[in-house]
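Engineer: Generate a structure from the sequence data that follows.
(2 chains)
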2 protein chains.
Amino acid sequence: MQHLKESLINELRRMDLLSQVSSVLGWDEQVNLPVSNASVRQRAEQCAAIAEIRHREFTRTEFREKIEEIEENLNLEDGELAVILREVRRDLDRATKLPSEFVSRKANHQSASYHLWVKARKQNDFNSYAPTLEATLNIAREEASLVGFEANPYDYHLDKHDPGIDAKSVSEIFDKLSKSLVPLSERILALTEKKEIPELLGFPESKQETFLREVVANLGFDFSRGRLDIAVHPFCSGNGTDTRMTTRYDPDNPLDSLFSSIHETGHGLYEQGLPAKWLGTPLGEAAGMAVHESQSRIWENQVGRSRAFWNHWESRFREFFPEQLKEISSEALYLAINKVSRNPIRVDADEVTYNLHVILRFELEQALFENALKISDLPAAWNEKAKTLLGLVPANDTEGVLQDVHWSGGAFGYFPSYCLGNLLAAQLWETVKSDLPDLDSLIEKGEHKPFLSWLNRKIHVHGRKMNLFELTEHATGKKLSSTALLEYLESRYLRLYEES
Amino acid sequence: MQHLKESLINELRRMDLLSQVSSVLGWDEQVNLPVSNASVRQRAEQCAAIAEIRHREFTRTEFREKIEEIEENLNLEDGELAVILREVRRDLDRATKLPSEFVSRKANHQSASYHLWVKARKQNDFNSYAPTLEATLNIAREEASLVGFEANPYDYHLDKHDPGIDAKSVSEIFDKLSKSLVPLSERILALTEKKEIPELLGFPESKQETFLREVVANLGFDFSRGRLDIAVHPFCSGNGTDTRMTTRYDPDNPLDSLFSSIHETGHGLYEQGLPAKWLGTPLGEAAGMAVHESQSRIWENQVGRSRAFWNHWESRFREFFPEQLKEISSEALYLAINKVSRNPIRVDADEVTYNLHVILRFELEQALFENALKISDLPAAWNEKAKTLLGLVPANDTEGVLQDVHWSGGAFGYFPSYCLGNLLAAQLWETVKSDLPDLDSLIEKGEHKPFLSWLNRKIHVHGRKMNLFELTEHATGKKLSSTALLEYLESRYLRLYEES
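Structural biologist: Residues are numbered from 1 along each chain as shown, chains lettered A, B, ... in the order given. Next up, the predicted model:
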């Protein structure tokens, strides 16, 4: 049995090398790829070739037979092996059920679809893109059917990003959340209108970079196993052995690069905290998108926007930018860091209203998959929900239904993870505050190791052993719910705006 | 037949995608890889995985059968197909004859060997490295035997880098060259001793970069299909659709970064000039290392160090660096650009003495493979040849026999390409001077398109259709020889130092 286990792990690691290569190619595409169409096309072909080989290796008969042999001889006391088998079996079943004809048809469609979306967004022209989106949705339904979710295709797409969740369980949580968050956000927005929040202008990019690298390193990111570069959209890719994060710089928006870097650092610390000895197996992989997002959000918001954090960093920030900040008081700076405003664009939204952006998309996706909404009616439905949830109507489709890249790539069921991650982040924060009573004073001293170790123990070390719901209960002793997030937002933002 | 041809080309392109991926991984390793041992090890494993898959795909039965079927039905009038078949057949025969056990043993040895060489060079300790080099040489012999060159292993290693050459043909050319070049270089060195050549100090890196990017773009490098980054050693990798060049900056040596960039640009222009429609097949690949080197050298030396080139660029160079250059006259600057000096280090050598460094290595490699020289006697033999050819004795082995990385990677037979490339560059220059009589005045105006187009027609467009010797005759009407190089060096350097 031992040799079978080792041989399985070696196989998984070998195949993981191909996934790592895909990740390098993807990172390089965003960070380094020359702009010519031929260069872009060639990269797409390279990625497709690697993905195809990965798929072929994973689904080949000898590998399946090895899995079956281990399953038949499974020693139930080997918990590690049981987790590996459970996860690999699910991935394999799904991969096997998707014929390569379908996989390549989907990839081709997505690549074309992306470019049509870019064009449509630029030209504020939803109609030209609608048939493509319709086709994308049909392909997503087809994929769900192929893997056995014909009756509940949206559940498949939710589960794909976060194993164990479905539309019903997410609905229950989101319904409760929106019921309280809509009035809470209106209350906070009304308070902010009375405040004058300064703009931060003229921050040289190279100084921004030096400052935020100092912050990122201080949080615990290991630059000997990772990088931070520039890309149009901030992201984190790779694994804990070679973690590649990106950010972007705008001289008139230094908080964007800073907080997106702290956000990506949260992702990076998760990757770097996964157990290295299980790398390439499910025990060395992240538990899902929502858990990943909980890690980025907790560093970005709960830590990075806290009083304690700025009590530590404000003086250093002013050392870097004395001129730019000299007219801005401590309190005004802290308000700028915690600005809440009505914004039609999700990626620019603050942590209060962000969740409503997600709920909007979740409800629309659910309606689309349930055939309760037609693609042609999507822009109107978007605007109506924006009115109800966010209290605004987008000026046009570019700022509304066309704003996100996700659907163009067929990534339905992805948005909910962002909000579920926020919920988990708030629950973790509630828990760590009682586990580490001196956390605030540690953060005030710039000491993040105790908190990082806590996350390592509570979240990182478990890999894919538990799903989102299980891990939440295991780490916080409570079911995932909207309670902690609502309390956190209320206490931070009402206090902030009422006090100041 | 047409469908077989198309299917072969598609197969080759698909496999070429894997080579492209290896190239991206290799570039990224030099330019971006985090420094931790784990990161480096992981990258090595990724590269090995891709190389193994590439080898397996290339040598699998179905592919060989396809080649055989085409060979049996070959339409001899299809010259393109004939070239593709000839080249693929040679690559395939060799790849097939190397068992995967050998390939992985060699890769493992090289990786270990590289690190031992780094250590030995640092500690000036040839003896500790000698047994490893012995083993490297034996593996090189074994490789030659496996592919059928048991009697003449060095010929195999020469042919590997430049198809069609062998020790005899190279010897004949190099013997003639060294006979004239040793006295010529001594004559030039004696003249330079009378000159005062200024040092260029304090050139800020970012300005160097801006300036040399302007130069590189002006030469014709298409940045929409390529990049220029920083690495420890300058190199050019990728293909014409995504050409990645590197350089390095030293404030006190701006000519190093400039000329290494022009050199790599020569490589890059060759890649970008190869026929895109044949990319991934031998018709879209470079003819060999020597031809590649002819392209880098002709831009670096014949163009980049010419009077005409500096008549165009000097004023711009002074605009970038007015302070640094204000005490340096035009003539002194031009002498610095064309400095000839006795230097034990090949990579720092000028274009006159460089060729003697290569001849030294060629003669030693030849003696090693012929068992006329033992590894233990190599340092002494090196120093003796350095005395004869270069008129110097290295201060130690670090500056002598241990200076180059090539042997540590088993790259025997590679050095001659550098000198053969210089020979071809000189012959091409002689030819283009008569084909484009106004070339000097074009270069003086910064117009490089006519010259680049000429190289496109004469060299680039042919891919691997002709080998070094055939291509030389085709492009210049003469056999490859030392004549043009000697005339060029004599006329440029004797005139320069006698005149000035």
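Engineer: residue ranges of the strands in chain A, please?
Structural biologist: A:226-230, A:236-239, A:242-247 (DSSP state E).
Engineer: For chain B, what's its nearest residue on the stretch 351-500 of chain A.
Structural biologist: Closest approach between the stretch 351-500 of chain A and chain B, counting by CB to the nearest CB: residue A:460, at 16.6 Å. (C-beta placed from N, C-alpha, C; glycine too.)
Engineer: so who does the closest residue to residue A:16 other than its chain neighbours touch?
Structural biologist: Spatial nearest neighbour of residue A:16, excluding adjacent residues (CB to CB, 6 or more residues apart in numbering or on different chains): residue A:280 at 3.4 Å. Residues in contact with residue A:280 (CB atoms under 8 Å, 6 or more residues apart in numbering or on different chains) are A:9, A:12-13, A:15-17.
Engineer: and the gap between the closest residue to residue A:464 other than its chain neighbours and residue B:436?
Structural biologist: Computed as CB to CB, 6+ apart, the closest residue to residue A:464 that is not its neighbour in sequence is residue A:282, at 4.1 Å. Counting by CB to CB, to the nearest Å, the gap between residue A:282 and residue B:436 amounts to 64 Å.
Engineer: Settle it for me: which of those two has more neighbours?
Structural biologist: Neighbour totals were compared for residue A:282 and residue B:436, and residue A:282 leads with 21 against 14 (other CB atoms under 10 Å in any protein chain shown).
Engineer: one step back: possible to save the contacts of residue A:280 as a markdown table with neighbour count?
Structural biologist: Formatted as a markdown table, the contacts of residue A:280 follow (neighbours: other CB atoms under 10 Å in any protein chain shown):
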| residue | neighbour count |
| --- | --- |
| A:9 | 17 |
| A:12 | 21 |
| A:13 | 16 |
| A:15 | 19 |
| A:16 | 21 |
| A:17 | 21 |
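Engineer: Of the residues you listed, just say which sits nearest to chain B.
Structural biologist: Chain B has its nearest neighbour among these in residue A:17, at 4.2 Å by CB to the nearest CB.
Engineer: the domain parsing of chain A - what is it?
Structural biologist: By the assignment in automatic domain parsing, chain A contains the domains A:1-97, A:113-200+A:281-306+A:329-500.
Engineer: for the ones you listed, which one ends up most surrounded?
Structural biologist: Each of the domains of chain A was assessed for mean neighbour count using mean count of other CB atoms under 10 Å in any protein chain shown. The highest is domain A:113-200+A:281-306+A:329-500, with a mean of 19.
Engineer: circling back: which pair in the contacts of residue A:280 has the greatest spatial separation?
Structural biologist: A:9 and A:17 (13.2 Å; CB to CB).
Engineer: before we move on, back to that, of all the domains of chain A, which one comes closest to residue B:492?
Structural biologist: When the domains of chain A are ranked by proximity to residue B:492, the top entry is domain A:1-97, at 35.3 Å, counting by CB to CB.
Engineer: Rounded mean pLDDT for that closest one, please.
Structural biologist: Here domain A:1-97 scores 92 as its mean pLDDT.
Engineer: Need the residues that contact stretch A:6-23.
Structural biologist: For stretch A:6-23, contacts defined as CB under 8 Å, 6+ apart pick out A:47, A:50-51, A:53-54, A:57-58, A:63, A:66-67, A:70, A:84, A:88, A:237-239, A:242, A:244, A:279-281, B:21, B:25, B:42, B:45-46, B:49-50.
Engineer: Chain B contacts on the stretch 251-400 of chain A?
Structural biologist: In this structure, the stretch 251-400 of chain A approaches chain B at residues residue A:276, judged by CB under 8 Å from any CB of the partner chain.
Engineer: Residue A:474 against residue A:467, yeah?
Structural biologist: No: in this structure, residue A:474 is not within contact of residue A:467 by CB atoms under 8 Å, at 10.3 Å.
Engineer: Out of the strands of chain A, which one sits most buried?
Structural biologist: strand A:242-247 (a mean of 25).
Engineer: That strand vs strand A:226-230, what angle?
Structural biologist: With axes from the mean of the first three to the mean of the last three CA atoms, to 10 degrees applied, the angle from strand A:242-247 to strand A:226-230 works out at 30 degrees.
Engineer: Help me see whether strand A:242-247 makes contact with chain B, please.
Structural biologist: Yes: counting by CB under 8 Å from any CB, chain B is contacted by strand A:242-247 at A:242-243.
Engineer: strand partners of that strand, parallel vs antiparallel please.
Structural biologist: Sheet pairing here is set by DSSP bridges, and for strand A:242-247 it gives strand A:226-230 (parallel), strand A:236-239 (antiparallel).
Engineer: so how far is that strand off the chain centroid?
Structural biologist: Strand A:242-247 has its C-alpha centroid displaced from the chain centroid by 14 Å (CA atoms, centre = their mean, to the nearest Å).
Engineer: send the alpha carbons of it over as PDB?
Structural biologist: C-alpha atoms of strand A:242-247 as PDB (Å, rounded to 0.1, in the frame of the first residue of the first chain):
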ATOM      1  CA  ASP A 242       7.300  30.600  -6.600                       C
ATOM      2  CA  THR A 243       4.500  33.000  -5.800                       C
ATOM      3  CA  ARG A 244       4.000  35.800  -8.300                       C
ATOM      4  CA  MET A 245       1.900  38.800  -7.400                       C
ATOM      5  CA  THR A 246       1.200  41.900  -9.400                       C
ATOM      6  CA  THR A 247       0.000  45.400  -8.700                       C
END
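Engineer: average model confidence for it?
Structural biologist: So the average pLDDT for strand A:242-247 ends up being 98.
Engineer: now stretch A:266-281
Structural biologist: Regarding stretch A:266-281, the rounded mean pLDDT is 97.
Engineer: quick one: buried residues of it?
Structural biologist: Residues A:266-275, A:278-281 are the ones in stretch A:266-281 that count as buried (16 or more other CB atoms under 10 Å in any protein chain shown).
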